[in-house]
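1. Fold the stuff below for me.
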Amino acid sequence: MSYRRIPFAPEEHYHCYTRGIDGRVTFQDKQDYERFQEYLYLCNDTTSFDRGDFLKLAHSEIFSRPRKKELVAIGCYSLMPNHFHIGFQEVEEGGSSKFLQKLGTSYSMYFNAKYKRVGGLFIGPCRSRHIGNERYFRRVAQYIHLNAAELYEGKWKSGAVKNMRLLEKQVREYAFSSLRDYVGSPRPERAVLNPEMAALVRDGMPTLKMVLTEAREYYADLES
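-> Sure, this is the predicted structure:
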């Protein structure tokens with residue numbers, strides 16, 4: 001399998017992904033998606049955060065909360081009903097594992113408390129794929145953003161797209177993906193993205209139509 005958990009290393013780029021255990025839906029409403037976006041920001045810090053912030057601050061205010069230092073430099077993400085994808089660069093040794101552990105634990109605690117359940121929420125540690133260079137990372141970022149297409153064109157990975165123009169509009173406007181921070185109006189959630197990584201992803205960003213075929217091939221490889 002080409003997509004697996006691999007060792008992380010500083011300054012290297014990765015695509016990480018995991019699903020809900022037993023196919024469980026992990027984001028059941030808007031609040032769940034927004035809480036995960038908040039954790040993408042808050043857990044990406046060398047220091048811990050005050051869980052009381054969720055009682056004191058509005059969703060938009062969370063993203064202006066000061067952080068000491070990022071563990072990873074996030075360039076893209078996409079949240080789907082039962083899984084998520086994140087593309088990032090490790091900032092310092094051990095930062096990737098620490099960030100993913102904090103993220104998974106924090107969100108699972110929130111989810112279990114809200115829905116009165118116990119036990120693990122996601123399938124083990126995130127699986128990861130090393131992205132060998134910046135040029136390829138830019139393409140992978142678009143593959144990650146294209147995940148939302150599944151919500152509107154369920155057979156896009158097999159090449160069946162009824163309305164490409166409409167699909168591109170829908171994916172661009174999807175609220176729980178970082179693509180909106182590249183092509184839409186400024187919003188607080190943009191703070192999740194590292195400025196340097198965002199500049200890298202934005203450089204020469206192709207249309208979704210251009211990367212559609214490549215994305216199908218990429219995900220076919222991940223699932224093999």
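
2. Go ahead and flag the most central residue of this protein.
-> The centroid of the chain falls nearest to residue 77 when counting by Cα atoms, centre = their mean (2.5 Å).

3. Not counting its neighbours along the chain, what's nearest it?
-> Using Cβ to Cβ, 6 or more residues apart in numbering and skipping the chain neighbours, the partner closest in space to residue 77 is residue 86 (4.6 Å). C-beta: built from backbone N, CA, C; applies to glycine.

4. now residue 196
-> residue 73 (6.5 Å).

5. Give the full set of residues in contact with the one you found.
-> Taking Cβ atoms under 8 Å, 6 or more residues apart in numbering as the criterion, residue 73 is in contact with 88, 89, 90, 91, 194, 196, 197.

6. What score does the nearest residue to the fifth one once chain neighbours are set aside have for pLDDT?
-> Read that as residue 194. Leaving aside its sequence neighbours, residue 194 sits nearest to residue 73 (Cβ to Cβ, 6+ apart; 3.6 Å). At residue 73, the model reports a pLDDT of 98.

7. cool, and residue 11?
-> At residue 11, pLDDT is 95.

8. so how many other residues sit close to it?
-> Using other Cβ atoms under 10 Å, residue 11 is surrounded by 10 other residues.

9. same thing with the one 10 residues further on?
-> Using other Cβ under 10 Å, residue 21 is surrounded by 15 other residues.

10. before we move on, back to that, return the distance of the helix or strand where the residue nearest to the centre of the chain lies from the chain's centre.
-> Assigned by DSSP states H and E, residue 77 falls within strand 72-80. How far strand 72-80 lies from its chain's middle: 3 Å, per Cα atoms, centre = their mean, to the nearest Å.

11. List the contacts of the next helix or strand after that strand.
-> Downstream of strand 72-80, the first helix or strand assigned by DSSP H and E is strand 83-90. The contact list for strand 83-90, computed with Cβ under 8 Å, 6+ apart, reads 8-20, 26, 36, 40, 72-78, 96, 99, 126, 131, 137, 140-141, 144, 147, 194, 197.

12. now do 7 Å
-> Applying Cβ atoms under 7 Å, 6 or more residues apart in numbering, the external contacts of strand 83-90 come out as 8-20, 72-78, 96, 137, 140-141, 144, 147, 197.

13. Kindly report the same for stretch 119-138.
-> With Cβ under 7 Å, 6+ apart, stretch 119-138 has contacts from 3-6, 12-21, 26, 75, 87, 100, 104, 108, 111-112, 140, 200-201, 203-204.

14. Just the buried ones from those residues?
-> For these, a neighbour count by 16 or more other Cβ atoms under 10 Å gives the buried set as 3, 12-20, 26, 75, 87, 100, 104, 108, 111, 140, 200-201.

15. Quick one: mark the members of those residues that sit in helices.
-> Among those, DSSP state H puts 100, 104, 108, 111, 140, 200, 201 in helices.

16. count of neighbours near the nearest residue in space to residue 104 that is not next to it in sequence?
-> The shortest distance from residue 104 to any residue other than its chain neighbours is 5.7 Å, reached at residue 122 (Cβ to Cβ, 6+ apart). A count of nearby residues for residue 122, using other Cβ under 10 Å, gives 22.
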